[in-house]
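Asks: one predicted model, sequence on top.
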Amino acid sequence: MKQKISIFCMLLGVLLLSGAIALLAYNIWDNIRAGDSADLVRQSLEEAADTQDGAADSLTDGSDRDGTEMDTVEIDGYAYIGTLTIPALNLELPVMAEWSYAGLKIAPGRYAGSVWSDDLVICGHNYTRHFGNLKFLHSGDILYFTDVNGNEFSYEVVASLILQPEDVEEMQSDESEEWDLTLFTCTIGGRKRVTVRCSRTE
């Protein structure tokens, strides 16, 4: 009887170990896939911009916009508003016009706001090649957002904090200050949100 229990425990241990290895392998593969997907979309955005070659009206101040409207380019059924560049993390990512759970497997997406109204909020999955390293950004780090018309906006990291998932309104602002750009992603395990606040630079 003891021998049977020992064999059962050993087999159970092997199964659990195999499951853990399989899960780790899947997470590594999924991270690589997400990064490759974002790279392909970014290249397509660059090609679309080269093809337009100034054909699209490039706005400098958004004065004739309604505040939230942003031009888009459609790639593989998803609309994109531009590219986010984070030199400190060696990242250059396309940004979808609307976030969705399916879309976040490809690229970060706009959660709310616009560059033209200085209240853009972008959410991303915590893949290493997406927003997984936001926690390593520091005050003073510079970020860039380039819209699909080639307008570039520069931002400086002001603060990094952890918010609870239910703090939806605080993703867009807090009681004391409005933010020109906010980036956020889930912590490991998804219980909280790593949130980076940025101010626009001239």
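Replies: Yep, it's here.

Asks: next helix or strand past the lowest-mean-pLDDT helix or strand in the chain?
Replies: When the helices and strands of the chain are compared on mean pLDDT, DSSP states H and E, helix 168-172 comes out lowest with a mean of 63. Following helix 168-172 in sequence order, the next helix or strand is strand 181-186 (DSSP states H and E).

Asks: so what are the sheet partners of the helix or strand that that following strand is followed by and their directions?
Replies: For strand 181-186, the following helix or strand on the C-terminal side (DSSP H and E) is strand 193-201. Counting by DSSP bridges, the strands paired with strand 193-201 are strand 152-163 (antiparallel), strand 181-186 (antiparallel).

Asks: between those, which gets nearest to residue 112?
Replies: Closest approach to residue 112 among those is made by strand 181-186 (8.6 Å; Cβ to Cβ). From N, CA and C alone the C-beta is placed, and that goes for glycine too.

Asks: quick check: mean pLDDT of the closest one?
Replies: For strand 181-186, the mean pLDDT works out to 93.

Asks: how far off centre is it?
Replies: Centroid separation between strand 181-186 and its chain, computed with Cα atoms, centre = their mean, to the nearest Å, is 7 Å.

Asks: check what pLDDT residue 190 gets.
Replies: 70.

Asks: likewise for the one 10 residues further on?
Replies: In this model, residue 200 is scored at 94, pLDDT.

Asks: that one and residue 49, how far apart?
Replies: 22 Å (Cβ to Cβ, to the nearest Å).
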